[in-house]
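[1] Predicted coordinates and the sequence they were generated for:
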Amino acid sequence: MTSPASANLQFTGLYGLFELWHTERRFNLHAEGIPVWSPLRFSTAVGSSNRYAAVGVFDAAVHAALDSHSRFWVGAGLVDFNDRIAGQVVTMGPFGGTIFLPVTSDSHLSGARYELRAVLPAGATSFAELQLADMPSLKGTIHLQFDTPGLTAPDNPTSASAFSTLAAYGWNRGKNQYLVGWRSTNYPVNLSPSGQFAFRNVIGGVYFESRFLIGH
């Protein structure tokens, strides 16, 4: 088995983001997650397919304010990536020619996450929120599950790095906050210990967020 039937798989879908904030003076705890589920189907190099791709992310970090107005924050925590791609791999047939084998690839990587965050006033009741997150060393495995009975492959140890950005405009409405903006994550994955490139995930899109105050 040599290479994916399609080197670049593009898909679109609607995802749900679950988020929790807890603030104590100049410190806060932030946790968020996108559960793994399937967006829209995509087409492969051999035509239309009912194969799919799905991604899930969970991260949690503790932040500390760098200034007395709590506009600039630095944080550290953990992140966990899960993605599932049901595609095809290419291999040579016993008498020559090309065979496309349906396979589901599950990858799971986790590691440390470091964040810089800014919350800047943009009006009497509005604000701009910016965030950069670096995840320099992620470790995990890739598991291949073939549709063909009896065909198996060993799990591959993997390593990766990731970088995420967020830029949003928000406004306060009573005790609630609403934000609209852009989020993106880019992380290439390599096979360990050879360092051979496996795949790159580039995720980005417009998002809308509602934050509701619970408690005091």
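    Now that the structure is in, tell me what you want to look at. Numbers count the residues shown, from 1 in each chain.

[2] in this structure, which spans are strands?
    Counting by DSSP state E, one finds strands in the chain at the ranges 3-4, 18-24, 27-37, 43-44, 47-48, 53-65, 72-92, 98-121, 126-146, 156-173, 176-191, 197-211.

[3] Those strands into CSV, with extra columns for mean neighbour count?
    All C-beta spots, glycine's among them, are computed from the backbone N, C-alpha and C. As requested, the strands of the chain are exported to CSV (neighbours: other CB atoms under 10 Å):
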stretch, mean neighbour count
strand 3-4, 14
strand 18-24, 11
strand 27-37, 16
strand 43-44, 15
strand 47-48, 8
strand 53-65, 18
strand 72-92, 18
strand 98-121, 17
strand 126-146, 16
strand 156-173, 17
strand 176-191, 16
strand 197-211, 14
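
[4] hey, least reliable of those by pLDDT?
    Among the strands of the chain, strand 3-4 carries the lowest mean pLDDT, a mean of 34.

[5] Report the separation between the residue lying closest to A198 once chain neighbours are set aside and A112.
    Excluding its sequence neighbours, the residue lying closest to A198 (CB to CB, 6 or more residues apart in numbering) is V189, at 4.6 Å. According to CB to CB, to the nearest Å, V189 stands 17 Å off from A112.

[6] Who is the residue nearest the centre of the chain paired with across the strands?
    Nearest to the mean C-alpha position of the chain, by CA atoms, centre = their mean, lies V57 at 4.8 Å. Beta bridges link V57 to I34, F81 when assigned by DSSP bridges.

[7] thought S107 was touching V55?
    No. Using CB atoms under 8 Å, S107 makes no contact with V55, being 9.7 Å away.

[8] For those two, list the residues in contact with both.
    Overlap of the contact sets of S107 and V55 (by CB atoms under 8 Å, 6 or more residues apart in numbering) consists of 81-84.

[9] show me what contacts A167?
    Per CB under 8 Å, 6+ apart, neighbours of A167: 128-131, 181-182.

[10] Quick check on D147: phi, psi?
    Main-chain torsions, D147, degrees, to the nearest 10: phi -70, psi -30.

[11] Counting neighbours, what do you get for it?
    D147 has 11 neighbours, counted by other CB atoms under 10 Å.

[12] Tell me the confidence at it?
    For D147, pLDDT reads 73.

[13] Tell me the spacing between it and D59.
    32 Å.

[14] Next, count neighbours for the nearest residue to L144 once chain neighbours are set aside.
    Spatial nearest neighbour of L144, excluding adjacent residues (CB to CB, 6+ apart): A153 at 4.4 Å. By other CB under 10 Å, 14 other residues sit near A153.

[15] what comes into contact with stretch 18-35?
    So stretch 18-35 is in contact with 15-17, 55-65, 70, 73, 75, 77, 209, 211, going by CB under 8 Å, 6+ apart.
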